[in-house]
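# I would like the atomic coordinates for the input below:
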Amino acid sequence: MLNSYSADQKHKFDLTYVQDCSESEKQQIIDKFGVPAPLLEYVDDKDEPARIEIGTENNYVLMVFWAPIKGSSHSEPVSVIFYDHKLFIFTSSEMEVINETIESLWQQSYEKRMAFLLDLILPIVRKYIGRVSKLEYQADQIQSHLSARSKMKHLDDLTLINQDAVYLRSAIQENASCFEEIKSIPQGTDVPFDKKCNRKLHNVQLETNQADRMIGLISESVEQLSDTFDRLINNNLNEIMRFLTIWSLLLAVPPIVSGFYGMNMHLPLANGSLAWLASLVLTGILMLALLIYLHNHHSV
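Here you go, the predicted model:
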């Protein structure tokens, strides 16, 4: 879906933003606005890295950064092109925060495209902070239930949190590098950068650094929780093995006693009507003695 907004009294530039750019829409942009075809080659690439690219003659600036998609910790790239005093933004329909923010920001007054873009980026960064805070809450919930009886479900949940943290951390760190490169855009381009834009960029970088610190802490916390779960699982396994070993030793006594009394040879207490009772008592005594021995040697 292609949306175009023309410059007016409140805006000193034309804006075109496209959701889920198709080949026909690419051709429409080339024909209508004269944008070079190579610039549009990667606007629909879901794996495009965050970066800033400047034309050899400073005739364009291409900026790619990441934005979260709806209902997921995954992110997809947003491509922005500054060309011929126009602003082109390529998004995905699943990026609700961007599509809604563009409509809202266009109601305000903007002279510079960079100021508009930085105001668009800020809620995206804050969206990442919200996603990270959600992961932090989930990790705290798992930690609060951490005990020797922790279930495998908690470990599965922790694995999912760690996976989401990896995706978020990658996107946040790539964005941080990209936003830092904004300062390197040369003055020779048609992307003016004044003190107002510098303040907006400073706010964006502060929020990005906060998100980066938060996701770093979450990753460390999840790693520690995973190590703790591993120790608990190993301890539980050791307890089970010790339990089985003790009972296997205790249950080995009755067959030994009955085996001796089943032999065709003279044994003490083997004669008489109460011989079976004597064998039971002897078995019990031996089992009790073995249990006491194991207890005294810290095996029980």
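
# what's around Phe82, how many residues?
Counted with other Cβ atoms under 10 Å, the neighbours of Phe82 add up to 23. In this view, the C-beta of every residue, glycine as well, is placed from N, C-alpha and C.

# if I've got this straight, it is in a strand?
Yes. Under DSSP: H, G, I helix; E, B strand; the rest coil, Phe82 falls within a strand.

# pLDDT weak spots in this protein?
Where the chain drops to pLDDT under 70, the residues are 145-154, 188, 260-276, 298-300.

# tell me the domain ranges of it?
What automatic domain parsing lists as the domains of the chain is 2-236, 251-296.

# of these, which is nearest Arg242?
Arg242 lies closest to domain 251-296 among the domains of the chain, at 9.6 Å (Cβ to Cβ).

# residue closest to the middle of the protein?
Central residue of the chain (Cα atoms, centre = their mean): Asp164, 1.7 Å from the mean position.

# OK, contacts around that one?
Ser73, Arg131, Leu135 (Cβ atoms under 8 Å, 6 or more residues apart in numbering).

# please redo it, this time with the cut-off set to 7 Å
Ser73, Leu135 (Cβ atoms under 7 Å, 6 or more residues apart in numbering).

# same thing with Gln143?
Leu225.

# which positions in the helix or strand harbouring it come out as buried?
Assignment of secondary structure by DSSP states H and E places Gln143 within helix 113-144. In terms of neighbour count (16 or more other Cβ atoms under 10 Å), helix 113-144 has its buried residues at 113-129, 131-132, 135-136, 138-139, 142.

# can you give me the offset of that helix from its chain's centre?
12 Å (Cα atoms, centre = their mean, to the nearest Å).

# how about the helices in the stretch 51-200 of the chain?
Here the stretch 51-200 of the chain has its helices, by DSSP state H, counting those that start in this stretch, at 96-105, 113-144, 152-181, 195-250.

# as CSV, these with distance to Lys26 would be great.
Output for these, formatted as CSV (distance: least, Cβ to Cβ, whole Å):
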stretch, distance to Lys26
helix 96-105, 19
helix 113-144, 21
helix 152-181, 23
helix 195-250, 29
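
# of all those, which one is nearest Val18?
Taking those one by one with Cβ to Cβ, helix 96-105 is closest: 10.7 Å.

# straight-line length of stretch 84-94, end to end?
29 Å (Cα to Cα, to the nearest Å).

# likewise stretch 69-86?
Termini of stretch 69-86 sit 26 Å apart (Cα to Cα).

# show me the contact partners of that stretch.
13-14, 16, 33-35, 39, 43, 46, 48, 50, 60-68, 88-92, 94-96, 98, 113, 117, 131, 164, 167-168, 171, 190-191.

# now stretch 192-202
Taking Cβ under 7 Å, 6+ apart as the rule, stretch 192-202 contacts Lys112, Met114, Ala115, Leu118, Asp119, Phe179, Ile182, Ile185.

# please convert the residues you listed to TSV, extending it with distance to Ile240.
Formatted as TSV, the contacts of stretch 192-202 follow (distance: Cβ to Cβ, whole Å):
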residue	distance to Ile240
Lys112	67
Met114	63
Ala115	64
Leu118	58
Asp119	59
Phe179	52
Ile182	57
Ile185	62
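
# Gln107: neighbour count?
7.

# could you check how far it is from Asn3?
14 Å (Cβ to Cβ, to the nearest Å).

# ok, Met114 next?
Counting by Cβ to Cβ - Met114 and Asn3 are separated by 20 Å.

# from Ser73, how far off is Phe179?
20 Å.

# residue contacts, Gly34?
Asp84.

# typo on my end, it should be Leu158
Per Cβ under 7 Å, 6+ apart, neighbours of Leu158: Ile142, Val222, Leu225, Ser226, Phe229.

# just the buried subset of the residues you listed, please.
In those, the ones that pass as buried (16+ other Cβ under 10 Å) are Ile142, Val222, Leu225, Phe229.

# these two touch, right, the third one and Ile142?
Yes. Leu225 sits in contact with Ile142 when judged by Cβ atoms under 7 Å, with a separation of 6.4 Å.

# re the thing from before, which one of the contacts of stretch 192-202 sits closest to Leu288?
For the contacts of stretch 192-202, the nearest to Leu288 is Phe179 (73.6 Å; Cβ to Cβ).
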